[in-house]
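Q: sequence and predicted model, in that order:
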Amino acid sequence: MKRYWLETYGCQMNKAESGALELGLRERGWQPAGDLDEAELVILNTCSVRATAEERIWGRLGYFKAQKARAARRGRRLRVVLLGCMGERLKEQLFAQAPHVDVLAGTFQKHLLLEALEEEPRAEGGGRPSLTGREPYRFAPRHSPGEPGEFRAFLPIMHGCDNFCAYCIVPYVRGPEVSRDPAGILEELSGLKAAGVREITLLGQNVNSYRHGGLDFPGLLERLLPELPQSPEPAWLRFLTSHPKDLSPRLTGLLARGGALCRQLHLPVQHGSDGILQAMGRGYTRAAYLELAERLRKEVPELVLTTDILIGFPRETEEDFRLTLQLMEQVQFDDAFTYRYNPREGTRAYLLPDDVPSAVKQERLAEVIRLQRRISARRRRERLGREVRVLVEAPSRKGSGELLARTEGDETVVFPGPPERIGHFTRVRLLELAGHTFRGEESA
Ligand code: SAM
Ligand code: SF4
């Protein structure tokens with residue numbers, strides 16, 4: 001039995017692409033290894049968005065170098081494959097500094113990887129396959145291994161980004177925006193339906209910029225909603241990530257209707273100061289974002305609204321920073337992913353001085369996190385006592401007799417219940433909060 005060991009870093013798109021790769025590997029007779037010692041193939045699907053992600057992966061490469069040498073001493077072969085954004089960004093450096101990587105693949109030729117793996121392993125010191133050429137991005141036909149009991153799935157609908165925010169490496173490593181043919185999306189959806197999937201998340205760097213011929217993102221949603229699994233219970237549809245500059249009133253209207261479309265929106269604001277937003281090249285002002293958030297809150301009162309905040313961008317002053325805190329207070333995000341700016345070579349901001357001292361970035365980040373914790377707790381407390389629909393995900397902790405579930409807004413709830421509920425919807429009354437997690441009781 002051929003066994004592989006796969007590690008996936010970074011965003012949901014990487015997770016979906018790893019899913020597609022696993023399907024292909026299994027079709028070719030590979031099985032996942034339960035333990036690295038069983039594996040003859042290691043695959044790292046990598047991320048470049050922040051230096052910390054890359055540093056971690058360099059560390060893993062060092063580890064696998066030692067593992068490969070150890071396997072060789074025991075007469076075993078271990079091949080190492082690196083693919084994804086880091087392969088795209090650092091191909092030359094990886095070629096020079098990581099000679100133990102047997103196959104290197106970037107973003108655009110991932111689909112050739114399976115064939116490259118069939119080829120005879122290279123002799124020590126021989127040439128190695130490099131799948132780092134640029135060609136139009138291709139969507140894999142399926143992205144979920146479709147294991148029995150798998151009830152949540154990612155469904156990529158667009159790829160790449162044309163926005164070139166000053167700090168961001170994504171447009172360079174993922175290339176220009178490409179929207180997937182709706183026929184391919186519908187076909188993958190029908191497979192997910194047949195497999196009994198109950199929650200589907202549409203993926204894209206900017207999902208709401210989707211456009212295929214005359215079909216835009218709200219149009220696509222209208223096509224997909226009637227095709228979702230309806231029995232034994234109506235499934236959920238979500239999408240990630242939305243860009244504020246492309247959020248149309250029609251999309252808000254669809255969210256307001258509720259039903260299968262989850263009233264949840266991840267809408268990264270990044271910053272609260274107009275000067276910084278402009279320097280970042282985000283394409284909206286503070287006032288425009290606030291107006292949008294107000295409209296969303298008014299038209300979709302149940303909406304769970306989350307965001308990304310990026311502090312410490314070049315020339316961020318104390319006042320710029322205060323404006324970000326104020327915006328957070330005004331919008332009352334349900335949750336936020338918070339980041340400190342990290343210069344990425346090749347981006348526009350890389351040419352600016354990284355002049356906010358590290359200690360100041362750290363302090364500001366800590367303040368943002370503290371504030372968001374307070375806001376998140378306040379928002380969640382307001383919902384205590386309500387009864388909500390949840391999708392049960394897993395046992396909470398072994399032996400606790402409790403289950404872990406998610407709400408429509410993708411928040412976690414723990415409640416006592418039997419394991420048969422896993423993979424099904426049920427109704428739960430929210431009783432109290434333990435940190436960010438709701439505790440509840442089943443009311444169905
Ligand atoms: N497309 C999405 C959008 O426009 O908001 C986000 C994609 S990006 C991969 C995810 C988040 O990483 C961004 O929202 C940003 O906050 C953060 N990020 C991107 N580049 C960064 C950098 N150079 N340093 C720190 N955080 C960064
Ligand atoms: Fe990066 Fe901006 Fe594109 Fe998001 S919209 S992926 S932050 S360049």
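A: Alright, I've got the coordinates. Ligands and ions are numbered 1, 2, ... in the order given.
Q: and Tyr284, that one's in a strand?
A: No: using DSSP: H, G, I helix; E, B strand; the rest coil, the assignment for Tyr284 is coil, not a strand.
Q: now it: phi and psi?
A: Backbone torsions for Tyr284, taken as degrees, to the nearest 10, come to phi -150, psi 160.
Q: got the contact list for it?
A: By C-beta atoms under 8 Å, 6 or more residues apart in numbering, the contact list for Tyr284 reads Pro244, Lys245, Leu277, Leu292. All C-beta spots, glycine's among them, are computed from the backbone N, C-alpha and C.
Q: how close does the closest residue to the third one other than its chain neighbours get to Leu25?
A: In other words, Leu277. Closest residue to Leu277 apart from its sequence neighbours, by C-beta to C-beta, 6 or more residues apart in numbering: His271 at 5.4 Å. Look at His271 and Leu25: by C-beta to C-beta, to the nearest Å, they are 41 Å apart.
Q: ok so, going back, just the buried residues from the contacts of Tyr284, in ChimeraX please.
A: This is the ChimeraX syntax for the buried subset of those, where burial follows 16 or more other C-beta atoms under 10 Å:
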select :244,277,292
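Q: quick one on the thing from earlier: the residue nearest to Leu277 touches Thr317, doesn't it?
A: No: using C-beta atoms under 8 Å as the test, His271 is too far from Thr317 to be in contact (11.8 Å).
Q: for this structure, give me the ranges with low pLDDT.
A: 120-127, 145-146, 148, 444 (pLDDT under 70).
Q: up against ligand 2, what does it have?
A: Within the chain, the positions lying close to ligand 2 (C-beta under 6 Å from any ligand atom) are Cys161, Asn163, Phe164, Cys165, Cys168, Val170, Pro171, Gln205, Asn206, His243.
Q: Phe108: what's it in contact with?
A: Counting by C-beta under 8 Å, 6+ apart, Phe108 has contacts Glu88, Gly133, Arg134, Glu135, Pro136, Tyr137, Gly175.
Q: could you rerun that using 7 Å?
A: Gly133, Arg134, Glu135, Tyr137, Gly175 (C-beta atoms under 7 Å, 6 or more residues apart in numbering).
Q: so the third one versus Gln109, what's the distance?
A: Between Glu135 and Gln109 the distance, using C-beta to C-beta, works out to 7 Å.
Q: when those two are compared, which one has more neighbours?
A: Shown here are Glu135 and Gln109; by other C-beta atoms under 10 Å, Gln109 has more neighbours (21 against 10).
Q: same for the helix or strand where Asp320 lies, what does it pack against?
A: Using DSSP states H and E, Asp320 sits in helix 318-331. Judged by 3 or more C-beta pairs under 7 Å, 6 or more residues apart in numbering; DSSP states H and E, helix 318-331 is in contact with helix 286-299, strand 304-311, helix 358-381.
Q: what residues sit buried inside the helix or strand that it is followed by?
A: Going down the chain from helix 318-331, the next helix or strand is strand 335-340, by DSSP H and E. The neighbour-count criterion (16+ other C-beta under 10 Å) identifies Asp335, Ala336, Thr338, Tyr339, Arg340 as the buried residues of strand 335-340.
Q: reformat these as CSV; add distance to Leu83.
A: Below are these laid out as CSV (distance: C-beta to C-beta, whole Å):
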residue, distance to Leu83
Asp335, 31
Ala336, 30
Thr338, 29
Tyr339, 24
Arg340, 27
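Q: on that earlier part again, and of the helices and strands packed on helix 318-331, who's closest to Glu442?
A: helix 358-381 (19.0 Å; C-beta to C-beta).
Q: list the buried ones in that closest one?
A: Val360, Lys361, Arg364, Leu365, Glu367, Val368, Leu371, Gln372, Ile375, Ser376, Arg379, Arg380.
Q: more neighbours: His271 and Thr317, which one.
A: His271 (27 against 12).
Q: surely the more buried one meets Thr324?
A: Yes: if you go by C-beta atoms under 7 Å, His271 and Thr324 touch, sitting 5.5 Å apart.
Q: and the stretch 151-300 of the chain, which residues reach ligand 1?
A: Tyr167, Cys168, Val170, Gln205, Asn206, Thr241, His243, Pro268, Gln270.
Q: ok, now which ones touch the third one?
A: If I follow you right, that is Val170. Val49, Cys161, Gln205.
Q: number of residues surrounding the last one?
A: The one in question is Gln205. 21.
Q: what helix or strand is the closest residue to Lys110 other than its chain neighbours located in?
A: Once flanking residues are discounted, Lys110 sits nearest to Leu83: 5.9 Å by C-beta to C-beta, 6+ apart. Element membership for Leu83, per DSSP H and E: strand 79-84.
Q: what are the contacting residues of that strand?
A: 14, 40-47, 64, 68, 94, 100-105, 107, 110, 113, 121.
Q: which among those count as buried?
A: Buried residues within the contacts of strand 79-84, counting neighbours by 16+ other C-beta under 10 Å: 14, 40-47, 64, 68, 94, 100-105, 107, 110, 113.
Q: phi and psi next, for Cys47.
A: phi -130, psi 140.
Q: kindly report the same for Ile57.
A: When read as degrees, to the nearest 10, the backbone of Ile57 gives phi -70, psi -40.
Q: burial of Met1, as a residue count?
A: Neighbours of Met1 using other C-beta under 10 Å come to 8.
Q: flag every buried residue along stretch 158-172.
A: So for stretch 158-172, counting by 16+ other C-beta under 10 Å, buried means 158-161, 163, 165-172.
Q: from those residues, which ones fall inside strands?
A: Using DSSP state E, the members of those that fall within strands are Met158, His159.
Q: out of the buried residues of stretch 158-172, which sit inside helices?
A: Val170, Pro171, Tyr172 (DSSP state H).
Q: what's the neighbour count on the residue of the stretch 301-444 of the chain found nearest ligand 2?
A: Closest to ligand 2 within the stretch 301-444 of the chain is Asp308: 8.0 Å, counting by C-beta to the nearest ligand atom. Residues near Asp308, counting by other C-beta under 10 Å, number 16.
Q: and the closest residue to it other than its chain neighbours, which helix or strand is it part of?
A: In space, not counting the residues next to it along the chain, Asp308 is nearest to Pro268; the distance is 3.6 Å by C-beta to C-beta, 6+ apart. In this structure, Pro268 sits in neither a helix nor a strand according to DSSP H and E.
Q: what's near enough to touch Pro268?
A: With C-beta under 7 Å, 6+ apart, Pro268 has these contacts: Thr241, Thr307, Asp308.
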